[in-house]
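> dropping the sequence and predicted coords here.
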Amino acid sequence: MSADGGADARTDPFEILNPAALGEPRGWNHGLLAPPGGRVLFVAGQTATGPGGDIETPDFAAQFALALDRVLAVVRAAGGEPSHIGRMTIYVTDLAAYRDARSELGAAWRARLGRHYPAMALVEVRRLVDAGAQVEIEATAVVP
């Protein structure tokens, strides 16, 4: 792990694949090849709900951070680390709000995953199942 908590080039369990023909990715990687022998963990979509099941805050960036914390809690419960996440999909109800919050989202990301960037997709949706949710994050990890 690097000093900021993310995977560095020496410890990242994935082989990063960014074919030049696809262009330089920023904030994600085009592909990550899992190491042999890992166990695949599928993390269900997580929102910013608290223990009672209600959304904890209306703030977009705070919802992103809480949803990410919940994803990481599942990964850690399986014995994994943030660097074991190989794929992530982020669903947002307002793409403009996502763009407006990018600096706060980047800070939340770096605090939790450092410079580890899975293969990612961002999808704008009309609404999410949890009332008041603006962000939902699902992930796939490969845990040794």
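On my side now, so go ahead. Residues are numbered from 1 along each chain as shown.

> residue contacts, the residue in the chain sticking out farthest from the centre?
Residue farthest from the centre of the chain, counting by C-alpha atoms, centre = their mean, is residue 21 at 24.9 Å. Counting by C-beta atoms under 8 Å, 6 or more residues apart in numbering, residue 21 makes contact with nothing. In short, each C-beta sits where N, CA and C put it, glycine included.

> can you give me the helices in the protein?
60-77, 95-100, 102-113 (DSSP state H).

> so which of those helices is the most surrounded?
Mean neighbour count (mean count of other C-beta atoms under 10 Å) peaks for helix 60-77 among these, with a mean of 20.

> now the angle from it to helix 102-113?
20 degrees (axes from the mean of the first three to the mean of the last three C-alpha atoms, to 10 degrees).

> what's helix 60-77 in contact with?
Helix 60-77 has contacts (C-beta under 8 Å, 6+ apart) with 41, 43-44, 46-49, 55-57, 81-82, 84-85, 88, 90, 94, 97-98, 100-101, 104-105, 108-109, 112-113, 133-139, 141, 143.

> residues contacting residue 45?
By C-beta under 8 Å, 6+ apart, residue 45 lies in contact with 91, 136-138.

> pick the one among these closest to residue 128.
residue 136 (5.1 Å; C-beta to C-beta).

> residue contacts, that closest one?
Neighbours of residue 136 in contact, by C-beta under 8 Å, 6+ apart: 45-47, 67, 90-91, 128, 130.

> export those residues as TSV, with columns for pLDDT and distance to residue 31.
Putting the contacts of residue 136 into TSV (pLDDT from 0 to 100; distance: C-beta to C-beta, whole Å) gives the following:
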residue	pLDDT	distance to residue 31
45	97	22
46	97	23
47	98	27
67	98	24
90	98	18
91	98	21
128	97	27
130	96	31
